[in-house]
Structures are given as structure tokens and as C-alpha cells.
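Student: Need coordinates for the following:
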Amino acid sequence: MHFEITDKVENEVIEPMSATLRDNDFNIKPVIKSLLQSEHFYEQDNIGAMIKNPVDFVMFSLNQFQVPFPENNLYRKYQLRFKLYQEMEDMQMEIFNPPNVAGWKAYYQKPLYYQSWISSATLPLRMNYTNKLANNGLRFAGYDIKIDPLKFVENLSDPLDPNTLILDLAKLLFPHPISEEQKDILKEILIPGLPDFEWTVEYGNYTSNPSDENLKASVEQK
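Tutor: Numbering: from 1, shown residues only. Okay, here's the model as predicted:
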């Protein structure tokens, strides 16, 4: 959660919360309750406003898409941890090794704060990391971890409907709903120039014949 510290927020949020903390002998529970019931907590400008740090970004990507890890192989698990550590370090967050006693500047340095995680150097690295997960995989010790799109979408509410499929994915990936125009652009990528039922038929054919490599490859690529 993130608040821009304006005079309004100062007067309507921070000062009352400070008073609540003092009045309750510094018990944090009433303060959290007050915050969660505050109108400011649900303002659109405060939803999805904070850029994830590299650790959150890397681990959230794996968790959100249920990326499978190597099983029963301690060496590969160790190598995976080291690979993920390298990815975070490249994005300028070397875990357990902050640059100084103050920590990473994204947590304290005005006026950018969390925006400090994004630069001309780190943004391509973030994109490259998620591209690897979505395509050829993140390679380490002769092993690849990657998103399994077919396994993932089968748990969505209605993967047979291209519109619902896209909106379900958007809800998972974006803090705000996408527009109808954005949805149509994404659907054009999924089924270029084709009516909705074409996806329903193609995906339905795959689920009825999951061992057919041609059907699988066609749907998986889309």
C-alpha cells in the first residue's frame, strides 16, 4: 500500500492514525483496523501504485504462474536458488547485502522511493526475466523452469471463452481492469481476425485430445 503524502493525507490519515496509536498505548491493531476502513485505502490512485522490488518481482512471477520446480534433486534446487539470486542482483537488489546500513534507497530516498527500482538498465532485465519464463525457460544446471500456460489456464473460470480468458488473466496481472479496446487488441493476438468460437473449438479439441502434439502446440503457442 502506498500513500502520496499530501496535506490532505497528512490531515485525514496520518495524524488520526498517530493519535489512535497513542490513545491505544501503541497497540498496532486499532491502527490497522482504522487504515483498512479508511476511504483513502481504496482510492484508485493508491491501488497498484507501488513498484515491486526485485525479490517480490521474481518470486511473485514464479508463484503467480505456479511454475514447477525440480523435484528430488538437491543440486538443482541449490542451483535454482543461485540463479534466482543472480537475477535479483542484476535488478539491483543483492539479497542479504544492502548497499549500506540505510538499506536500498527505494525504501527511503525522496522523491522516487520505489520508483528507484526502475531504470533504463533494470527495466529490460525485468522484461527479459519474464520473457524467459514465458518462452524458452530460465536455464540452470541443464534444467529449465518455465510457465506451463496450458496447465495454468485450465484453472481459470472459463478458458473456452476467449473474452473471459483474457479478462481473467488481466485481473491476475494488472492492478486495474483493462479497457474494452485493450481486450480486443489482446484477442486479436490470440485469434487474429477470427470469430470467438474458433478459439472455443480449438481449445475444446485440445482438451478432448491432450495427447495430440499438434493440437497442443497450436494452443500452447497462442
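Student: Stretch 23-37 spans what distance, first to last residue?
Tutor: 18 Å (Cα to Cα, to the nearest Å).
Student: residues of that stretch that come out buried?
Tutor: Using 16 or more other Cβ atoms under 10 Å as the test for burial, stretch 23-37 gives Val31, Ser34, Leu35. For the C-beta atoms, the positions are set from N, CA and C on the backbone; glycine is no exception.
Student: Surely Ile118 and Lys52 touch.
Tutor: No - when contacts are counted by Cβ atoms under 8 Å, Ile118 is not listed as touching Lys52 (10.1 Å).
Student: quick one on the thing from earlier: just put the buried residues of stretch 23-37 in TSV and tack on pLDDT.
Tutor: Below are these laid out as TSV (pLDDT from 0 to 100):
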residue	pLDDT
Val31	90
Ser34	87
Leu35	85
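Student: which one of those sits closest to Pro162?
Tutor: Pro162 has its nearest neighbour among the buried residues of stretch 23-37 in Leu35, at 39.2 Å by Cβ to Cβ.
Student: What pLDDT does the model give the residue nearest to that closest one when sequence neighbours are not counted?
Tutor: Computed as Cβ to Cβ, 6 or more residues apart in numbering, the closest residue to Leu35 that is not its neighbour in sequence is Phe41, at 5.9 Å. What the model reports as pLDDT for Phe41 is 81.
Student: So Phe41 versus Asp23, what's the distance?
Tutor: 20 Å (Cβ to Cβ, to the nearest Å).
Student: Likewise for Lys77?
Tutor: Counting by Cβ to Cβ - Lys77 and Asp23 are separated by 49 Å.
Student: next one: Met17
Tutor: Applying Cβ to Cβ to Met17 and Asp23 gives a distance of 11 Å.
Student: Likewise for Asp158?
Tutor: Distance from Asp158 to Asp23, by Cβ to Cβ: 49 Å.
Student: try Ser119
Tutor: 43 Å.
Student: Phi, psi for Tyr143 please.
Tutor: phi -130, psi 150 (degrees, to the nearest 10).
Student: quick one: contacts for it?
Tutor: If you count contacts by Cβ atoms under 8 Å, 6 or more residues apart in numbering, Tyr143 has them with Pro70, Arg76, Gln79, Leu80.
Student: mind checking the SS state of Phe69?
Tutor: Here Phe69 is coil, with the state taken from DSSP: H, G, I helix; E, B strand; the rest coil.
Student: What separation is there between it and Glu43?
Tutor: Distance, Phe69 to Glu43, using Cβ to Cβ: 38 Å.
Student: Let me see the ranges of the helices in the protein.
Tutor: 7-9, 15-23, 28-36, 54-64, 74-90, 122-134, 149-153, 162-173, 180-190, 196-208, 213-221 (DSSP state H).
Student: hmm, who's touching the last one?
Tutor: The list of residues contacting helix 213-221 from outside it, by Cβ under 8 Å, 6+ apart, reads Pro149, Leu150, Glu202, Tyr203, Asn205, Tyr206, Asn209, Pro210.
Student: Just want the angle from that helix to helix 196-208.
Tutor: Using axes from the mean of the first three to the mean of the last three Cα atoms, to 10 degrees, the direction of helix 213-221 lies 130 degrees away from that of helix 196-208.
Student: okay, helix 213-221 in CSV with CA atoms only?
Tutor: Output in CSV follows, covering the C-alpha atoms of helix 213-221 (Å, rounded to 0.1, in the frame of the first residue of the first chain):
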residue,chain,number,x,y,z
GLU,A,213,1.0,-32.9,-30.1
ASN,A,214,-0.2,-30.7,-33.0
LEU,A,215,-3.3,-29.5,-31.1
LYS,A,216,-1.2,-29.0,-28.0
ALA,A,217,1.5,-26.9,-29.8
SER,A,218,-1.1,-24.7,-31.6
VAL,A,219,-3.0,-23.8,-28.4
GLU,A,220,0.1,-23.5,-26.3
GLN,A,221,1.7,-21.0,-28.7
